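K.L.:
sharing a model prediction with you, sequence too.
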Amino acid sequence: MRIFKQKTKTDHARVLNELAGVNPEISIISGRLKFVRDAATILELRLFAMKQAIHWHLLGSLVFPMSTFFFARGLSNSDPESLRRIMVGALVFGLTLQAVNAVSMNMISDRFQGRLNLIVTMPVSKFSYAIGMIAYTFVQALMTLVILLLVATLIGIDFKITWSLLPILAMLITAMSGMGIFMSSFAPSEEVGGVITSMFSIVMVMISPVFFSMDKAPIALRYVGYISPVRYAADALNKALSGNNDVVIEMIVLGFIGAIGLILGVWKMKWRDL
């Protein structure tokens, strides 16, 4: 009798699913798998948008870093070590500008043009959205790194490729993207948001010992350098491109700043009050 009742309930559930157009074999994705798929969806959406104007992204990867490099090169010594440091400074400048602008401007644009409302109702968590945007920024940064290293080879700068380049790049992008997410939450409009993010990224690099080492920095800039993530990124990249993989301290500091920036950015992110 009990078996008959269970079978009857199963048949009723199957009939109701068929009437409602529900496939019982399709289960709701949740947990870690949903988090990963949501972040991958955000990454895919951003990459699709980048694909539509890939030539402008490639050009943007060259214009600001290389113009800064040639300007600084004309004001400094021409020995290989100085040129390598200037190249590292230009690289950090380009990556910082790209990371902050890519995350902040895209998030600000999503918020004020209504796309974020659609993302929230998918539903997607704030953290999945942030990780997807950071992954997109990392793809852009990797493209910029490859292009600038190719240009550095063409103009005769001596450097070595080491395994620590990618971890350093990931730490830098995470740190600056977290700060970019945090800064974007203060934007009262799309136009003002663009001014805030551009000013933040440019000033961050210009007041930090990036194009020169800490021992050559003025006293005031040394204090800034102790807390600036771009200074630690520049020191780490300079070591890595010199063939030295002893970058543990720099990566720990970048990882700590990146974790704090990401936590603050996700906490401050405009989400439910759109």
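P.N.:
The structure has been received and is ready for your questions.

K.L.:
pull up the gap between the nearest residue to Leu95 once chain neighbours are set aside and Gly114, please.
P.N.:
Leaving out its chain neighbours, the residue that sits closest to Leu95 by C-beta to C-beta, 6 or more residues apart in numbering is Ala141, at 5.2 Å. Placement of C-beta: from N, CA and C, glycine included. Per C-beta to C-beta, to the nearest Å, Ala141 is found 28 Å from Gly114.

K.L.:
ok, these two, which is more surrounded?
P.N.:
The neighbour comparison of Ala141 against Gly114 (other C-beta atoms under 10 Å) goes to Ala141, with 24 against 9.

K.L.:
does the more buried one touch Gln98 like I think?
P.N.:
Yes: taking contacts as C-beta atoms under 8 Å, Ala141 lies within contact range of Gln98: 6.1 Å.

K.L.:
helices or strands next to the helix or strand that the residue nearest to Leu95 is a member of in the packing?
P.N.:
Here Ala141, judged by DSSP states H and E, is contained in helix 126-154. Under the contact criterion of 3 or more C-beta pairs under 8 Å, 6 or more residues apart in numbering; DSSP states H and E, helix 126-154 touches helix 32-51, helix 54-73, helix 80-112, helix 165-184, helix 248-268.

K.L.:
the longest one relative to helix 248-268, how many degrees between them?
P.N.:
If I follow you right, that is helix 80-112. Relative orientation of helix 80-112 versus helix 248-268 (axes from the mean of the first three to the mean of the last three C-alpha atoms, to 10 degrees): 10 degrees.

K.L.:
got it, and the fourth one?
P.N.:
With the same axes, to 10 degrees defining the directions, helix 165-184 sits at 30 degrees from helix 248-268.

K.L.:
how about the first one?
P.N.:
Our comparison of helix 32-51 with helix 248-268, counting by the same axes, to 10 degrees, yields an angle of 90 degrees.

K.L.:
give me the distance between Ser242 and Asp158.
P.N.:
Applying C-beta to C-beta, the value for Ser242 to Asp158 is 9 Å.

K.L.:
err, Thr174, not the other one
P.N.:
Distance from Thr174 to Asp158, counting by C-beta to C-beta: 29 Å.

K.L.:
between the two, which is the more surrounded one?
P.N.:
Taking neighbours as other C-beta under 10 Å, Thr174 and Asp158 compare with Thr174 leading, 23 against 13.

K.L.:
so how many other residues sit close to the spatially closest residue to that one that is not a sequence neighbour?
P.N.:
Leaving aside its chain neighbours, Thr174 sits nearest to Gly258 (3.6 Å; criterion: C-beta to C-beta, 6+ apart). Each residue near Gly258 was counted by other C-beta under 10 Å, and the total is 23.

K.L.:
now do Gly156
P.N.:
8.

K.L.:
quick check: phi and psi at it.
P.N.:
Note on Gly156: backbone dihedrals following degrees, to the nearest 10 are phi 90, psi 30.

K.L.:
return the distance of it relative to Met87.
P.N.:
Going from Gly156 to Met87 by C-beta to C-beta gives 11 Å.

K.L.:
report the buried residues of stretch 150-160.
P.N.:
For stretch 150-160, a neighbour-count test (16 or more other C-beta atoms under 10 Å) marks 151-152, 157, 159 as buried.

K.L.:
nearest to Ser184, of these?
P.N.:
Nearest to Ser184 among the buried residues of stretch 150-160, counting by C-beta to C-beta, is Val151 at 30.3 Å.

K.L.:
please name the nearest non-neighbouring residue to that closest one.
P.N.:
Nearest non-adjacent residue to Val151 (C-beta to C-beta, 6+ apart): Met66, at 6.5 Å.

K.L.:
where does that neighbour land on pLDDT?
P.N.:
In this model, Met66 is scored at 80, pLDDT.

K.L.:
ok, so what distance separates it from Met251?
P.N.:
Per C-beta to C-beta, Met66 is found 27 Å from Met251.

K.L.:
next one: Pro209
P.N.:
18 Å.

K.L.:
what is the burial count for Ser164?
P.N.:
Residues near Ser164, counting by other C-beta under 10 Å, number 20.

K.L.:
and it, what does it touch?
P.N.:
Taking C-beta atoms under 8 Å, 6 or more residues apart in numbering as the contact definition, Ser164 lies against 236, 239-240, 245, 247, 251.

K.L.:
brilliant, that's me finished.
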